[in-house]
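Colleague: give the three-dimensional model of this entry:
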Amino acid sequence: MKHLHFIAIGGAAMHNLAIAVSKKPNYIITGSDDEIFEPSKSHLKSNGLLPETLGWHPEKITKEISAVIVGMHARADNPELLRAKELGIDIYSFPEYLYKQTQKKTRIVVGGSHGKTTTTAIILHVLSKRNMVVDFMVGAQLNGFDTMVKLSYDAPIAIFEGDEYLTSPLDPRPKFHLYHPHIAVLTGIAWDHINVFPTFETYVAQFKKFADLIEREGRLIYFEKDEHLQNIVANLRSDIVAIPYQAPEYIIDNGITSIIHKGIKYPLLVFGEHNLQNIAAACLVCKQLGVKESDFYSALQDFKGASNRLQKIAETPDAIAYKDFAHSPSKLKATVEAVKKQYPDKKLIACMELHTFSSLKADFLPQYNDCMKAADKALVYFNPEVIEHKHLTQLSEQEVTVAFGGDNVHAFSNGLSLQAFLRSMDFHNKVLLFMTSGNFSGIDIEAFANELLQQ
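Modeller: Numbers count the residues shown, from 1 in each chain. Model prediction:
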């Protein structure tokens, strides 16, 4: 039996990995954390993995433990981690352990500043419908999948979403540098995570390194209209085959987007130029795995998207509401334009929250200029308490309004004021779009959207 102990087991990725490994035979899984929130708490409890007490318990770290997995939430001076080092126990970060478990498999890694979750989800959806057995790790809950991570003995292929953020408090390498893919995807590059990549050049360099780490005679599937990816491809190792893509031919008819392939129309449940690009990337990956394009598009037609990625949350006969994970400038722009293009006859009310470190930094705000230009009204919310918590300089509503630009922008630093403004509006013949990586300081977004549309 192998005993794995997860330090900071409550993380979104960590608890899914713990559950995935617990389903393999001959494994004992334990874990610890000083705080565990939903849905991690319920998932761990239902799988018998929820720690009995919160906190760190170095006395429980013994030589009987085969290895320790360390999550991002754990600090370098974590007492359990220090005890594991003292005893000489093998220590892995989340991505290190994924690589260790899939070294003998064909690894496919989807990277990029945007679209990697959706692209990975599309690949998994199609392969599942084709009854192809694969291991995986994806950054959102998917329809038809119990967990965000799966590891097995028999799957010949492993598909990972490749995050460029840091591996752990002990390892400053980007996560996707540890996976060494045989097939890599890069969806595009737009500056993000400025707290760890303070210049755009430093950020781009991480993607260049990722391409350099592709296995010998591997494949790089990339969005050909991205100039930064063009530069990376121009300097690829000679043994790597570069395969470009762009959005496929499509039409929008009566609020439904359909792909046209060899004269056949394939209606979709998702929409937007960025999603069509993600579909093109996923199609090329599946083609490398032996899936015919016609079979790919047929399987795609009931794909509903990944959780929080242009997810429909409310609808009446003449109004509709979506929520999306978009928070960086490029993601905001793509999402707002996609919704406006999908519903050209409705007015678009786009509401976003500045929540991440990058988005709340005054020096980064100008990157948002005109990114919500396509909306009829653009509402931007930020919480001064979050700014204080992140030890950043406070912003004013005027600063935010000027940075976003345009007469359609209204900035709010008070959640109740934002809610009151939205409640004062008439949503007949309108589309309401919420965009955030947070929750607008505790709003139940789905319940609020239903209230607004039905008032």
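Colleague: what packs against the helix or strand in which Tyr266 is found?
Modeller: Counting by DSSP states H and E, the secondary-structure element that holds Tyr266 is strand 264-267. Using 3 or more C-beta pairs under 8 Å, 6 or more residues apart in numbering; DSSP states H and E as the contact test, the elements touching strand 264-267 are strand 256-261, helix 293-300. Placement of C-beta: from N, CA and C, glycine included.
Colleague: reformat the ones you listed as a markdown table; add distance to Asn231 and mean pLDDT.
Modeller: Formatted as a markdown table, the entries for the helices and strands packed on strand 264-267 read as follows, by distance: least, C-beta to C-beta, whole Å; pLDDT from 0 to 100:
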| stretch | distance to Asn231 | mean pLDDT |
| --- | --- | --- |
| strand 256-261 | 29 | 96 |
| helix 293-300 | 29 | 97 |
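Colleague: quick one: closest of these to Ser40.
Modeller: Ranking those by distance to Ser40, with C-beta to C-beta as the measure, places helix 293-300 first at 30.3 Å.
Colleague: rewinding a little: and of the helices and strands packed on strand 264-267, who's closest to Lys60?
Modeller: Put simply, out of the helices and strands packed on strand 264-267 the one that sits nearest Lys60 is helix 293-300, at 45.9 Å, with distance taken as C-beta to C-beta.
Colleague: downstream neighbour of that closest one in the secondary structure list?
Modeller: Proceeding C-terminally, helix 293-300 gives way to strand 311-316 as the next helix or strand, assigned by DSSP H and E.
Colleague: and that next one, what does it pack onto?
Modeller: The contact analysis (3+ C-beta pairs under 8 Å, 6+ apart) places strand 311-316 against strand 319-324, helix 445-454.
Colleague: quick one, longest helix in this protein?
Modeller: What stands out as the longest helix in the chain, according to DSSP state H, is helix 273-288.
Colleague: could you check the angle helix 293-300 makes with that helix?
Modeller: With axes from the mean of the first three to the mean of the last three C-alpha atoms, to 10 degrees as the criterion, the two stretches helix 273-288 and helix 293-300 enclose an angle of 130 degrees.
Colleague: from the rest of the structure, what touches the longest strand along the chain?
Modeller: Secondary structure of the chain per DSSP state E: the longest strand is strand 347-354. Under the contact criterion C-beta atoms under 8 Å, 6 or more residues apart in numbering, strand 347-354 has outside partners 326-327, 332, 336, 339-340, 360, 372, 374-382, 395, 400, 418, 422, 425, 427, 429-438, 440.
Colleague: can you check stretch 79-90 too?
Modeller: Counting contacts by C-beta under 8 Å, 6+ apart, the residues touching stretch 79-90 from outside are 5, 7, 32, 56-58, 60-63, 65-68, 70, 74, 91, 170.
Colleague: got the helices and strands packed on strand 311-316 as TSV, with mean neighbour count and mean pLDDT columns?
Modeller: Conversion of the helices and strands packed on strand 311-316 to TSV gives the following (neighbours: other C-beta atoms under 10 Å; pLDDT from 0 to 100):
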stretch	mean neighbour count	mean pLDDT
strand 319-324	23	96
helix 445-454	17	95
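Colleague: so can I have TSV of these showing distance to Gly111?
Modeller: Converted to TSV, those look like this (distance: least, C-beta to C-beta, whole Å):
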stretch	distance to Gly111
strand 319-324	20
helix 445-454	28
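Colleague: relative to Leu213, which of those is closest?
Modeller: Scanning the helices and strands packed on strand 311-316 with C-beta to C-beta as the criterion, the closest one proves to be strand 319-324, at 30.6 Å.
Colleague: and the closest one with strand 311-316, angle?
Modeller: An angle of 170 degrees separates the directions of strand 319-324 and strand 311-316 when computed by the same axes, to 10 degrees.
Colleague: and the next element down the chain from strand 319-324?
Modeller: Taking DSSP H and E, what comes next after strand 319-324 is helix 329-342.
Colleague: summarise which helices and strands that following helix is packed against.
Modeller: Helices and strands in packing contact with helix 329-342 are listed as helix 273-288, strand 319-324, strand 347-354, strand 430-435; criterion 3+ C-beta pairs under 8 Å, 6+ apart.
Colleague: and the contacts of the first one?
Modeller: Read it as helix 273-288. By C-beta under 8 Å, 6+ apart, the surrounding residues in contact with helix 273-288 are 108, 110, 114-115, 118-119, 122-123, 126-127, 183, 185, 187, 219, 221, 223, 243, 245-248, 250, 257, 259, 268, 270, 293, 296-297, 300, 305, 310, 334-335, 337-338, 341.
Colleague: cool, and stretch 395-406?
Modeller: Contacts made with stretch 395-406 from outside it, assessed by C-beta under 8 Å, 6+ apart, are listed as 354, 360, 362, 365-366, 368-373, 378, 380, 382, 384, 387, 409-413.
Colleague: thought Glu249 was touching Ile260?
Modeller: Yes: the pair Glu249 and Ile260 passes the contact test of C-beta atoms under 8 Å, sitting 4.5 Å apart.
Colleague: who's more crowded, the two?
Modeller: Set side by side, Glu249 and Ile260 give different neighbour counts by other C-beta atoms under 10 Å, the larger being at Ile260 (13 against 10).
Colleague: which strand residues bridge that one?
Modeller: Per DSSP bridges, residues listed as beta-bridge partners of Ile260: Lys265.
Colleague: buried ones only from the contacts of stretch 79-90, please, as a PyMOL command.
Modeller: Of those, the buried ones go into a single PyMOL selection, burial set by 16 or more other C-beta atoms under 10 Å:
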select buried, resi 5+7+32+56+61+65+67+68+70+74+91
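Colleague: tell me the bridge partners for the residue lying closest to Asn450 once chain neighbours are set aside.
Modeller: For Asn450, the nearest residue in space outside its immediate sequence neighbours is Ala314; the separation is 4.4 Å by C-beta to C-beta, 6 or more residues apart in numbering. The residues paired with Ala314 through beta bridges, assigned by DSSP bridges, are Ala321.
Colleague: contacts only, for Ala314.
Modeller: 320-321, 432, 446, 449-450, 452-454.
Colleague: out of these, which is nearest to Val134?
Modeller: Compare each of those with Val134 using C-beta to C-beta and the shortest gap goes to Glu446, at 31.1 Å.
Colleague: go ahead and confirm the closest one touches Tyr322.
Modeller: No: contact status for Glu446 versus Tyr322: not in contact, 10.6 Å apart, counting by C-beta under 8 Å.
Colleague: give me the common contacts of these two.
Modeller: By the contact definition C-beta under 8 Å, 6+ apart, Glu446 and Tyr322 are jointly contacted by Ile313.
Colleague: how about residues contacting the lowest-mean-pLDDT helix or strand in the chain?
Modeller: The least trusted helix or strand in the chain, going by mean pLDDT, DSSP states H and E, turns out to be strand 166-168, with a mean of 87. Outside of strand 166-168, the residues that reach it under the criterion C-beta under 8 Å, 6+ apart are 70-72, 74, 93-96, 172-175, 177-178, 196.
Colleague: who does it pair up with?
Modeller: For strand 166-168, using DSSP bridges, the partner strands are strand 171-174 (antiparallel).
Colleague: mind listing what's buried along the strand it pairs with?
Modeller: By neighbour count with 16+ other C-beta under 10 Å, strand 171-174 contains the buried residues 171, 174.
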